[in-house]
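K.L.:
Predicted model and sequence follow; I will ask about them next.
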Amino acid sequence: MTFKYKLRDGSEIESSIEVPPEFEGMLEDLRLLKSDGHNPNKMTDKQKEATWHSLEKFGWLVPIITNSEGCLADGEQRVDVCTSHGLFFGPVLRRKITDVDRELIRQVLNKLKGTHDKLLDAESFKRIRDADGAADLKALLNISDGTLERYDKILQASEDSQGAILDSTFEVIVKCKDEPEQQRVFDDLKAQGYDVRILTL
């Protein structure tokens with residue numbers, strides 16, 4: 001499906017990704033945005049494909065965020081994913097912010113995402129699959145059949161114990177000599193697809 005939108009200068013573009021009405025006045029050429037080259041958020045190829053599937057299915061849910069000069073604060077990975085798929089226009093929210101605030105926005109939006117209750121996730125996944133959404137679930141969240149089977153076991157254990165079970169997590173702690181090594185280990189594990197977090201004691 002192709003959507004048509006007008007840019008601020010009155011010219012018209014076509015897009016394969018839907019832009020909600022409230023973002024239409026924010027459309028810009030993503031190729032003109034600038035990166036400072038210091039984005040700590042890296043994505044695997046699978047994560048990039050999941051991001052593209054999400055854009056195709058749901059359209060633009062949130063705009064790209066930049067400073068007033070177009071230097072990226074949030075959304076750099078989405079910009080890269082879009083341009084690599086030949087999609088050059090998207091909604092951009094420009095804010096009059098300092099470079100420090102731009103870095104802070106990037107850190108906040110990258111890191112403050114909370115944690116999920118695995119039992120509630122398992123129940124949600126089951127509802128989605130029961131409504132024939134398994135393919136979308138796997139594509140959008142980059143979830144394997146093996147992962148879904150583990151969530152099914154959490155559900156089954158909860159039902160067997162009549163809801164009294166608490167969801168278990170299994171973790172490995174890696175002791176690092178300093179903060180740079182800690183960041184390297186974190187980045188390496190994240191790139192391999194592990195659900196990791198920084199812990200400083």
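P.N.:
Thanks, I have it. Numbers count the residues shown, from 1 in each chain.
K.L.:
So which elements touch the helix or strand where residue 150 lies?
P.N.:
Element membership of residue 150 [criterion: DSSP states H and E] is helix 145-160. Helices and strands touching helix 145-160, by 3 or more CB pairs under 8 Å, 6 or more residues apart in numbering; DSSP states H and E, are helix 118-130, helix 134-141. Just so you know, the C-beta spots here come from the backbone N, C-alpha and C atoms, and that holds for glycine as well.
K.L.:
switch the cut-off to 7 Å
P.N.:
Packing partners of helix 145-160 (3 or more CB pairs under 7 Å, 6 or more residues apart in numbering; DSSP states H and E): helix 118-130.
K.L.:
by contact count, what packs against the helix it packs on?
P.N.:
Under the contact criterion of 3+ CB pairs under 7 Å, 6+ apart, helix 118-130 touches helix 134-141, helix 145-160.
K.L.:
This structure: strands as residue ranges?
P.N.:
Remark: strands assigned in the chain by DSSP state E are 3-6, 12-15, 27-29, 64-67, 72-74, 89-95.
K.L.:
Save the ones you listed as TSV, and put in mean neighbour count, distance to residue 151 and mean pLDDT too.
P.N.:
Formatted as TSV, the strands of the chain follow (neighbours: other CB atoms under 10 Å; distance: least, CB to CB, whole Å; pLDDT from 0 to 100):
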stretch	mean neighbour count	distance to residue 151	mean pLDDT
strand 3-6	12	35	91
strand 12-15	12	35	92
strand 27-29	18	38	95
strand 64-67	21	32	97
strand 72-74	23	29	95
strand 89-95	18	33	96
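K.L.:
what about the ones you listed, which gets the closest to residue 181?
P.N.:
For residue 181, the closest of the strands of the chain is strand 72-74, at 27.1 Å, according to CB to CB.
K.L.:
Check the offset of that closest one from the chain's centre.
P.N.:
Between the centre of strand 72-74 and the centre of its chain there are 13 Å (CA atoms, centre = their mean, to the nearest Å).
K.L.:
could you give the angle of the helix holding residue 150 to helix 118-130?
P.N.:
Interaxial angle of helix 145-160 relative to helix 118-130 (axes from the mean of the first three to the mean of the last three CA atoms, to 10 degrees): 110 degrees.
K.L.:
Minimum distance to residue 125: which of the strands of the chain has it?
P.N.:
strand 72-74 (27.3 Å).
K.L.:
neighbouring contacts of that closest one?
P.N.:
Residues outside strand 72-74 that contact it (CB atoms under 7 Å, 6 or more residues apart in numbering): 33-35, 64-67, 79, 102, 105-106, 109.
K.L.:
I'd like the strands of the chain laid out as a markdown table, including distance to residue 158.
P.N.:
Formatted as a markdown table, the strands of the chain follow (distance: least, CB to CB, whole Å):
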| stretch | distance to residue 158 |
| --- | --- |
| strand 3-6 | 43 |
| strand 12-15 | 43 |
| strand 27-29 | 46 |
| strand 64-67 | 39 |
| strand 72-74 | 36 |
| strand 89-95 | 41 |
